[in-house]
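Participant: using only what follows, build the 3D model:
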Amino acid sequence: MSLSRPIITFDQTDKPYYPGDNVTGVITINNEKPLEARSIVVSWRGKSKVSGVNLFELPCVKYMFNKTQVTWVAKEGQNKIPAGNHKIKFSINLPKDCLPTFHGLLGKVDYKVKVMIDRPRKFDLKAEGEFQVTRKLELPMRMGINDWFFKTDLRSGLIFSNGPVTMKVTLNSLVFLPGQTIDLTFHVANNSSEEIRRIFAKFYKRTHYHARVQQSPCKEFYNHTCPLSCFQQANVRNKVRNAEKMKISLGPYSEQTYSMPFTFPDNETTPSFHSGLITHGYFMEFGFRSKNSVDKAMMCTLYMGEMGDEMLLGADKISEEKKPAVDAPPAYEE
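Facilitator: Okay, here's the model as predicted:
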């Protein structure tokens, strides 16, 4: 008869936990006959791990917590777990500095509960369960206010320049949620001799990895801003969704404003974060394509996730300050 392994069940499965929350659940052991065992050990840990930055570096692991507890031990050397349905409840208080759950090409951040039944002269029975953790963004309050814009001058033409094109893209915030739809406002000044035939927006995620833990995390994604050598760091970027495109017909030496809706993927639930091992974030490319040319674009950093309470309060305060006064009388001159 095959032995059934322990089953780990978390009380909260429909949404992730936040730093400071209590993770609760139960471990079920169902044995029809007495089970030979010396002890039952439950452990829980949260860790970030990076491996594969280069062939000569060992995997680097940093634990946020790592604890073990013996929940049952055999009495008087009998080494028997009585037959029946046994339940072991657990409760874990998450530290305030927990990182969000993340699974990437060269690293991960994960949280697990494990149980091991120590059996004499036999293979141990083991089981593990993973729970999800997220966190709110810790950004300056100005990131959550309205009226952000990005502006640049791009050169049209494939080999030789046909003249400059000035593009300005306006967003209502730099912080967004998965599944959220926003309106992008493109103002395009075509100072070239070629017609512009389309504008577009692309969405990417990117991750910066360290081969070893740094005391000060990298908040940028550039090689030259990282204190480690190029052999001890790595950058990975992936396009998250297909480009949003709009066909236009903007003639030479003219300008026009366009509005384009853009929906962020609802499956990108990992918020932007940075740590001594991993920095993860998002960016967009806004651009155009003119006749007989290729895509020209500018890159803009965005943030995915919930705004922290301080950011929300700060954004509300700034919005109130920006409201026009309605009680002041009009100016008067004789």
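Participant: mind listing what Ala201 touches?
Facilitator: 184, 243-244, 260, 262, 284-286 (CB atoms under 8 Å, 6 or more residues apart in numbering). For glycine as for every other residue, the C-beta is placed from the backbone atoms N, C-alpha and C.
Participant: now with 10 Å?
Facilitator: 169, 182, 184, 186, 241, 243-246, 260-262, 284-287, 297, 300 (CB atoms under 10 Å, 6 or more residues apart in numbering).
Participant: okay, now the unreliable bits of the stretch 101-250 of the chain?
Facilitator: Counting by pLDDT under 70, the stretch 101-250 of the chain has low-confidence residues at 141, 143-146, 159.
Participant: all strands for it, in order.
Facilitator: Applying DSSP state E, counting those that start in this stretch to the stretch 101-250 of the chain gives strands spanning 102-103, 107-118, 125-130, 148-155, 164-171, 175-176, 181-190, 196-210, 233-250.
Participant: nearest to Met304, of these?
Facilitator: strand 175-176 (5.9 Å; CB to CB).
Participant: quick one: distance of the closest one to the chain centre.
Facilitator: In terms of CA atoms, centre = their mean, to the nearest Å, the centre of strand 175-176 is set 12 Å apart from its chain centre.
Participant: does anything pack onto that strand? Which helices or strands?
Facilitator: Strand 175-176 sits against strand 296-304, with contacts defined as 3 or more CB pairs under 10 Å, 6 or more residues apart in numbering; DSSP states H and E.
Participant: just name the most buried of the strands of the stretch 101-250 of the chain.
Facilitator: strand 175-176 (a mean of 22; mean count of other CB atoms under 10 Å).
Participant: that one pairs with which strands?
Facilitator: strand 296-304 (parallel) (DSSP bridges).
Participant: what pLDDT, on average, does the strand it pairs with get?
Facilitator: Per-residue pLDDT over strand 296-304 has a mean of 93.
Participant: and it, which residues are buried?
Facilitator: 296-297, 300, 302-304 (16 or more other CB atoms under 10 Å).
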